[in-house]
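Participant: Using only what follows, build the 3D model:
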Amino acid sequence: MIQFLLNQTLKTLDDVDPNTTVLNWLRGSEHRCGSKEGCASGDCGACTVVLGQVEGENMRYQTANGCITLVSQLAGKQLLTVEDLSQGSELHPVQQAMADCHASQCGFCTPGFVMSGFALQKSHAAAQRHEIEKSLAGNLCRCTGYRPIIDAMQHSCVTTQDQFTRTESQTVSRLKALQPTEMVELTKSNRCLLPKTVSQLAVLYQQNPQASLLAGGTDLALTITQQYQSLPLIIGLNQIDELKTITVTESQIRIGAMATLLACQDALQPLIPAFAQVLDRFASAQIRNHGTLVGNLANASPIGDGAPMLLALGAELELRCGDTVRILPLAEFFLSYRKTALQPGEFISAVLIERAAIAPTFAAWKISKRMDDDISTVFGAFNLHFNDGVVTSAKLAFGGMAAIPARAKRAEQTLSGLPFTQQTLDLACHALAADFQPLTDFRGSGRYRLIVAQNLLRRLLLQQTEPGYLLEVKSYVN
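Facilitator: Okay, here's the model as predicted:
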């Protein structure tokens with residue numbers, strides 16, 4: 001049984017299949033049809049809802065894709081849909097601005113834009129255009145055009161006393177009372193277990209190694225919505241607070257398995273700016289709010305954005321199976337396409353980055369067809385240490401170049417011990433062709449991928465030797 005608030009209405013679910021998505025529950029059981037299904041994969045934003053949770057003594061509102069959020073992830077939270085925003089005949093300021101700015105035509109995508117605008121207003125009053133664009137990157141419109149939608153967001157991003165502000169303290173109190181104090185189970189046809197501690201998780205997963213671990217669910221849910229499979233046993237990690245922590249010491253950065261991409265972005269901005277900058281382009285706000293960095297590793301995608309950066313940083317994984325904990329270099333984690341070194345009943349509890357391994361010049365670049373909300377064609381991460389212009393150590397990692405994310409070992413050896421010059425770079429680019437023989441698919445040919453990877457190395461040299469060059473599109477295009 002799980003409990004949550006649908007706006008201000010207490011909902012108790014004990015007779016629902018845990019494979020049910022929030023979108024299907026809303027439309028099928030609650031007959032709330034404002035949220036739409038467009039893609040069933042978290043790409044279009046038509047299904048956008050807002051989840052509210054307690055942070056200190058206040059509410060924090062974040063967008064989520066209802067189509068790939070499972071009902072078990074609602075436990076202890078507040079769920080808001082477009083139907084909740086207006087009061088009687090009075091529209092919410094975000095809705096009113098969408099109408100006043102003529103920001104809707106067919107209206108299919110409009111509820112999703114409204115909910116993204118609502119969450120933006122709650123977190124960024126007086127948001128700048130860049131913040132608006134980032135918040136709307138996961139919402140697609142096919143007929144209205146984005147100018148009037150952005151105009152509406154600029155008009156509505158002001159401090160306002162709406163019904164959610166007025167009832168905030170009441171909502172906080174109610175949600176605190178709803179927080180599960182022990183493990184929760186949701187059972188109908190299939191089962192979902194929600195442990196409260198890492199120890200409970202370790203026992204459950206060792207006993208049930210066939211279970212599906214649910215972190216943010218932004219990839220796992222596609223098994224249900226795109227592959228039409230049913231997950232007989234899910235172990236949800238959302239109630240384990242100790243897995244959500246990011247700990248920074250003088251020597252190490254420890255990122256818990258349930259730390260979201262947004263939390264990682266905020267924590268890493270002062271420590272590894274290039275890492276945080278790339279995370280700003282990781283999918284969309286809806287995904288970053290709930291998807292996790294560890295989940296991005298565990299799914300073992302060859303085009304995941306997190307793995308190349310962590311490989312270049314020499315990151316390690318903290319793995320746990322029952323009471324046994326072991327440390328494994330990330331470089332030894334990926335074995336083959338979608339296959340990892342995880343043993344039955346073993347899970348990733350944290351990512352470990354040694355701060356001494358982070359080069360001041362660490363750089364990472366994602367090459368994709370769109371700036372936002374897109375999958376990498378090629379991803380390059382570069383961690384080079386220098387002494388008087390000579391490369392003392394080099395770690396180069398790429399995604400999209402092989403069946404697994406991988407280091408370019410021959411290119412690294414070529415760079416090590418030599419000055420970082422055009423001549424050295426040419427040798428490294430030649431070595432790169434021996435490191436990878438990328439495949440051709442619909443995102444790009446193998447030849448294209450190799451040329452792009454070599455050009456990223458050239459870009460690194462320009463960044464180091466010609467700091468006046470503007471290498472990022474957003475540096476000079478508004």
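
Participant: ok now do the residue lying closest to Leu271 once chain neighbours are set aside, which residues does it touch?
Facilitator: Computed as Cβ to Cβ, 6 or more residues apart in numbering, the closest residue to Leu271 that is not its neighbour in sequence is Ile253, at 6.5 Å. (Each C-beta comes from the backbone N, C-alpha and C, glycine too.) Each residue near Ile253 by Cβ atoms under 8 Å, 6 or more residues apart in numbering is listed here: Ile246, Thr247, Ala267, Leu268, Leu271, Leu352, Ile353, Arg355.

Participant: And the host helix or strand of Leu204, what's buried?
Facilitator: Leu204 belongs to helix 198-207 when assigned by DSSP states H and E. Neighbour counts over helix 198-207 (16 or more other Cβ atoms under 10 Å) mark Val198, Gln200, Leu201, Ala202, Leu204, Tyr205, Gln206 as buried.

Participant: Just the C-alpha atoms of it, please, in PDB.
Facilitator: Output of helix 198-207 as PDB, limited to C-alpha atoms (Å, rounded to 0.1, in the frame of the first residue of the first chain):
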ATOM      1  CA  VAL A 198      20.400   0.100   2.200                       C
ATOM      2  CA  SER A 199      20.600  -2.900   4.500                       C
ATOM      3  CA  GLN A 200      17.000  -3.800   3.600                       C
ATOM      4  CA  LEU A 201      17.700  -3.400  -0.100                       C
ATOM      5  CA  ALA A 202      20.800  -5.600   0.100                       C
ATOM      6  CA  VAL A 203      18.900  -8.400   1.800                       C
ATOM      7  CA  LEU A 204      15.900  -8.100  -0.600                       C
ATOM      8  CA  TYR A 205      18.100  -8.000  -3.700                       C
ATOM      9  CA  GLN A 206      20.300 -10.900  -2.600                       C
ATOM     10  CA  GLN A 207      17.100 -13.000  -2.000                       C
END
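
Participant: which helices and strands sit right next to it?
Facilitator: When contacts are defined as 3 or more Cβ pairs under 8 Å, 6 or more residues apart in numbering; DSSP states H and E, helix 198-207 packs onto strand 233-236, strand 316-321, strand 347-354.

Participant: pLDDT at the nearest residue to Glu316 once chain neighbours are set aside, what is it?
Facilitator: In space, and not counting its chain neighbours, Glu316 is closest to Leu352: 4.5 Å by Cβ to Cβ, 6+ apart. For Leu352, the model assigns a pLDDT of 98.

Participant: Against which helices or strands is the particular helix or strand that has Asp426 in it packed?
Facilitator: Taking DSSP H and E as the criterion, Asp426 maps to helix 422-435. Here helix 422-435 is seen to pack against helix 409-415, helix 446-465 when contacts are counted using 3+ Cβ pairs under 8 Å, 6+ apart.

Participant: Tell me where the model's unsure across the protein.
Facilitator: 473-478 (pLDDT under 70).

Participant: how about a cut-off of 50?
Facilitator: 476-478 (pLDDT under 50).

Participant: What residue spans form the domains of it?
Facilitator: Structural domains annotated on the chain: 2-83+166-236, 93-161, 241-357, 363-474, as defined by automatic domain parsing.

Participant: still on that earlier bit, what about the residue nearest to Glu316, neighbour count?
Facilitator: 19 (other Cβ atoms under 10 Å).

Participant: so who does it touch?
Facilitator: By Cβ under 8 Å, 6+ apart, the residues touching Leu352 are Gln252, Ile253, Arg254, Ile255, Ala315, Glu316, Leu317, Glu318, Ile327.

Participant: Ok, Arg27 next?
Facilitator: By Cβ under 8 Å, 6+ apart, the contact list for Arg27 reads Cys33, Ser35, Glu37.

Participant: how much space between the second one and Leu13?
Facilitator: Distance of Ser35 to Leu13, computed by Cβ to Cβ, to the nearest Å: 18 Å.

Participant: So between these two, which is more surrounded?
Facilitator: Taking other Cβ under 10 Å, Ser35 and Leu13 do not tie; Ser35 has more neighbours (22 against 19).

Participant: thinking that one is in contact with Thr48, fair?
Facilitator: Yes - Ser35 lies in contact with Thr48 (Cβ atoms under 8 Å); the separation is 7.3 Å.

Participant: which residues do those two both contact?
Facilitator: Residues touching both Ser35 and Thr48 by Cβ under 8 Å, 6+ apart: Gly66, Pro111, Gly112.

Participant: Tell me the one of these nearest Ile451?
Facilitator: Lowest distance from Ile451 to these (Cβ to Cβ) belongs to Gly112, with 37.4 Å.

Participant: Tell me the bridge partners for the closest residue to the closest one other than its chain neighbours.
Facilitator: Spatial nearest neighbour of Gly112, excluding adjacent residues (Cβ to Cβ, 6+ apart): Thr48 at 3.8 Å. Partner residues in beta bridges with Thr48, using DSSP bridges, are Asn65.

Participant: ditto for Asn387
Facilitator: For Asn387, the beta-bridge partners are Val390 (DSSP bridges).

Participant: how close does it sit to Asn139?
Facilitator: Noted for Asn387: a distance of 48 Å to Asn139, by Cβ to Cβ.

Participant: Then Ser212?
Facilitator: From Ser212 to Asn139 the distance is 28 Å (Cβ to Cβ).

Participant: Leu328 now?
Facilitator: From Leu328 to Asn139 the distance is 39 Å (Cβ to Cβ).

Participant: quick one, strands of the stretch 51-200 of the chain?
Facilitator: 58-65, 78-80, 184-188, 190-194 (DSSP state E, counting those that start in this stretch).
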